[in-house]
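Participant: Sequence isn't available, so here's the structure alone:
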């Protein structure tokens with residue numbers, strides 16, 4: 001009847017306003033829930049969250065794994081993937097397209113990375129743009145896997161009414177994606193002919209050793225971290241975190257301590273080479289303090305988790321990952337800055353060498369044999385070109401850059417950890 005149609009049309013704006021208010025209220029509720037969740041986690045950081053490791057901890061591992069991989073979770077995971085594809089088709093297709101193109105172009109990108117390194121060998125072809133280009137190629141080589149995994153975790157997290165297990169897996173995928181990207185980028189920087197060797201002139205044996213260590217680290221740490229995060233972030237799964245989640249965390253960090261020890265130990269290790277080449281540097285003189293501290297930090301996290309301070313150990317582990325990322329980023333930034341100064345100094349050294357050669361030629365020839373034209377081309381042999389790079393940048397500039405970037409890294413680390421250890425106001 002007409003009267004009902006008029007009532008429906010009249011009530012439509014009211015319904016729309018009510019729907020908009022519901023959406024807004026739900027957004028506010030989720031924001032407040034996350035804030036409460038974060039505050040509770042901060043309060044639990046320094047409290048014992050589980051009993052110490054015992055035989056019961058090990059006997060509960062099969063049940064924890066069976067709960068995580070049960071059929072209902074796989075079904076919910078499939079539904080979340082289908083929901084992502086149907087509700088976010090453009091984003092999903094764009095990410096898949098980018099990942100596919102990067103995988104198909106992988107060999108060509110690696111060839112371009114090597115070519116950019118070759119261009120830096122001769123002064124006449126050396127440009128700082130080659131270094132920026134090499135950095136971009138390294139990022140693109142490290143991007144496909146982490147991009148796909150991180151996007152999958154983020155997209156799953158957008159699905160409403162997602163179960164606790166899938167929420168944990170979604171958040172864990174995002175964390176693992178960032179870890180994979182950081183370790184992968186450093187591995188490609190350390191590859192032969194890559195940014196570290198060809199542009200930064202880092203030691204080949206150090207880069208090869210670091211690349212092997214990164215691979216060994218990721219093989220164990222990434223799967224163990226994903227398993228731990230599956231029980232950590234959301235949901236009432238504390239009993240599973242105490243068993244399978246905690247044991248995987250302890251194994252990951254015990255393996256990390258072993259890998260760090262292998263990086264520095266031995267006559268050909270990083271520490272021995274540092275002592276031989278730079279015996280008077282501050283970091284060398286303090287080696288007996290910081291070298292045992294590196295593996296001991298990972299073992300301390302294992303000890304805390306075994307005593308029952310699981311939340312404390314996990315939060316400190318995440319903080320250590322951020323610290324390592326800041327240190328790695330600072331080292332790469334230092335290499336980029338030093339590379340720019342080195343390139344400028346090489347150009348000045350080339351100009352001085354050309355001037356000296358021209359003066360020698362003018363003094364050696366007689367007056368009538370002197371070239372009449374002023375457009376004579378003077379070249380530099382490849383051997384001389386290599387010699388120009390030996391003293392390409394002064395010790396004062398290198399020391400100043402090292403000091404500035406060291407202070408910047410220390411301030412960044414201190415500012416980050418002040419949230420957990422309130423040393424300075426922020």
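Facilitator: Yep, that arrived. Nothing here was measured: the structure is a model prediction, and the numbers come from that model.

Participant: low-confidence ranges in the stretch 251-400 of the chain?
Facilitator: 266-269, 271-275, 366-394 (pLDDT under 70).

Participant: show me where it has helices.
Facilitator: Residue ranges of the helices in the stretch 251-400 of the chain, as given by DSSP state H, counting those that start in this stretch, are 270-277, 282-285, 287-307, 310-364, 382-388, 395-417.

Participant: Could you take those and lay them out as CSV, with extra columns for mean neighbour count and distance to residue 57?
Facilitator: Where C-beta positions appear, they are placed from N, C-alpha and C, glycine not excepted. Rendered in CSV, the data for those read as follows (neighbours: other C-beta atoms under 10 Å; distance: least, C-beta to C-beta, whole Å):
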stretch, mean neighbour count, distance to residue 57
helix 270-277, 14, 36
helix 282-285, 12, 40
helix 287-307, 16, 9
helix 310-364, 16, 11
helix 382-388, 13, 60
helix 395-417, 14, 30
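
Participant: Nearest to residue 154 among the ones you listed would be which one?
Facilitator: helix 310-364 (17.7 Å; C-beta to C-beta).

Participant: returning to that earlier point: format the helices of the stretch 251-400 of the chain as CSV; extra columns: distance to residue 115.
Facilitator: What follows is the helices of the stretch 251-400 of the chain, written out as CSV (distance: least, C-beta to C-beta, whole Å):
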stretch, distance to residue 115
helix 270-277, 29
helix 282-285, 34
helix 287-307, 36
helix 310-364, 17
helix 382-388, 18
helix 395-417, 28
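
Participant: Nearest to residue 56, out of those?
Facilitator: Distances from residue 56 to each of the helices of the stretch 251-400 of the chain were compared using C-beta to C-beta; the minimum, 13.6 Å, belongs to helix 287-307.

Participant: about what we covered before: ok, which of the helices of the stretch 251-400 of the chain comes nearest residue 166?
Facilitator: If you check each of those against residue 166 by C-beta to C-beta, helix 310-364 wins as the nearest, at 19.4 Å.

Participant: So which other helices or strands are in contact with the closest one?
Facilitator: Here helix 310-364 is seen to pack against helix 2-44, helix 128-142, helix 164-189, helix 246-264, helix 287-307, helix 382-388, helix 395-417 when contacts are counted using 3 or more C-beta pairs under 8 Å, 6 or more residues apart in numbering; DSSP states H and E.

Participant: same thing but 6 Å
Facilitator: For helix 310-364, the packing partners by 3 or more C-beta pairs under 6 Å, 6 or more residues apart in numbering; DSSP states H and E come out as helix 128-142, helix 287-307, helix 395-417.

Participant: any idea of the angle that helix forms with helix 164-189?
Facilitator: 20 degrees (axes from the mean of the first three to the mean of the last three C-alpha atoms, to 10 degrees).

Participant: Give me the angle between helix 310-364 and helix 287-307.
Facilitator: Compare the direction of helix 310-364 with that of helix 287-307 by the same axes, to 10 degrees and you get 150 degrees.

Participant: follow-up on the earlier one: same list (the helices and strands packed on helix 310-364) but as TSV, adding distance to residue 148.
Facilitator: Compiled in TSV, the helices and strands packed on helix 310-364 are given as follows (distance: least, C-beta to C-beta, whole Å):
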stretch	distance to residue 148
helix 128-142	12
helix 287-307	29
helix 395-417	28
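
Participant: So which of the ones you listed is nearest residue 83?
Facilitator: The minimum distance between residue 83 and the helices and strands packed on helix 310-364 falls on helix 128-142, with 28.8 Å, by C-beta to C-beta.

Participant: Give me the contacts around that closest one.
Facilitator: Helix 128-142 is contacted by residues 102, 109, 112-113, 116, 119-120, 181, 184-185, 188-189, 195, 199, 339-340, 343 when judged by C-beta atoms under 6 Å, 6 or more residues apart in numbering.

Participant: one more time with 7 Å, if that's ok
Facilitator: Outside helix 128-142, the residues within contact range by C-beta atoms under 7 Å, 6 or more residues apart in numbering are 102, 106, 109-110, 112-113, 116-117, 119-120, 181, 184-185, 188-189, 194-195, 199, 336, 339-340, 343.

Participant: Can you get me the centre-to-centre distance for that helix and its chain?
Facilitator: Centroid separation between helix 128-142 and its chain, computed with C-alpha atoms, centre = their mean, to the nearest Å, is 15 Å.

Participant: Quick one: mean pLDDT for it?
Facilitator: Helix 128-142 carries an average pLDDT of 94.

Participant: Just give the number of residues close to the residue nearest to residue 198 when sequence neighbours are not counted.
Facilitator: If the residues on either side of it in the chain are set aside, residue 198 comes closest to residue 117, at 2.8 Å by C-beta to C-beta, 6 or more residues apart in numbering. Neighbours of residue 117 under the rule other C-beta atoms under 10 Å: 23.

Participant: Residue 117 touches residue 192, doesn't it?
Facilitator: No. Using C-beta atoms under 7 Å, residue 117 is not in contact with residue 192; the gap is 9.0 Å.

Participant: mind listing what the residue nearest to residue 198 touches?
Facilitator: Remark: with contacts taken as C-beta under 7 Å, 6+ apart, residue 117 is in contact with 134, 193-194, 198-199.

Participant: ok, 8 Å please
Facilitator: Listed by C-beta atoms under 8 Å, 6 or more residues apart in numbering, the contact partners of residue 117 are 130, 134, 193-195, 197-199.

Participant: got it, and residue 112?
Facilitator: Residue 112 makes contact with 133, 137 under the criterion C-beta under 8 Å, 6+ apart.

Participant: With residue 118 as the reference, measure out to it.
Facilitator: Applying C-beta to C-beta, to the nearest Å, one obtains 11 Å for the distance of residue 112 from residue 118.

Participant: Quick check: closest non-adjacent residue to the residue nearest the centre of the chain.
Facilitator: Using C-alpha atoms, centre = their mean, the residue of the chain that lies closest to the mean C-alpha position is residue 182, 2.1 Å off. Computed as C-beta to C-beta, 6+ apart, the closest residue to residue 182 that is not its neighbour in sequence is residue 325, at 5.6 Å.

Participant: For the residue lying closest to residue 185 once chain neighbours are set aside, the count of nearby residues, please.
Facilitator: When the adjacent residues along the chain are set aside, residue 185 lies closest to residue 142, with 4.2 Å between them (C-beta to C-beta, 6+ apart). For residue 142, the count of nearby residues is 21 (other C-beta under 10 Å).
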